[in-house]
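Participant: I'll drop the sequence and a predicted model, then ask my questions.
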Amino acid sequence: MATVNITNSNFRKEILESDVPVLVDFWAPWCGPCRMVSPIVDEIAEETPSVKVCKVNIDEQPALATQFGVMSIPTLIVFRGGEIADKAVGARNKAFILKMLEG
């Protein structure tokens, strides 16, 4: 499944009301580590149909970044049942991200 771009208007429906775990990548186009993590996040989206994968461009959605205390990017947050289940800041490898989703 392709990644879903998140905005203020679709956040509740796509993430909080999701019936599957959601991995959210908070990123920005100017961020070097974000560009390293992005292909990994895209791979997970394609290879893991039991998980929804979303991206939040913090330049376009600063209110969402503020709401979730995103101070550094990339920040990866896993939501389960509308609640934060795990959070990691900084570039992470695929194995680490998959382990976050297992939790």
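Facilitator: Okay, I see it.
Participant: Settle this for me: Pro33 is touching Thr75, isn't it.
Facilitator: No - contact criterion C-beta atoms under 8 Å: Pro33 and Thr75 do not qualify, at 10.5 Å. (Glycine included, C-beta is placed from N, CA and C.)
Participant: Quick check on those two: which one has the bigger neighbour count.
Facilitator: Thr75 (22 against 15; other C-beta atoms under 10 Å).
Participant: Just want the most central residue of this protein.
Facilitator: Val24 (1.4 Å; C-alpha atoms, centre = their mean).
Participant: Who are the contact partners of the most far-flung residue of the chain relative to its centre?
Facilitator: Farthest-out residue of the chain from its mean C-alpha position, per C-alpha atoms, centre = their mean: Trp30, at 17.1 Å. Residues near Trp30 by C-beta atoms under 8 Å, 6 or more residues apart in numbering: Asp59.
Participant: Return the distance of it relative to Ser38.
Facilitator: From Trp30 across to Ser38, the span is 13 Å (C-beta to C-beta, to the nearest Å).
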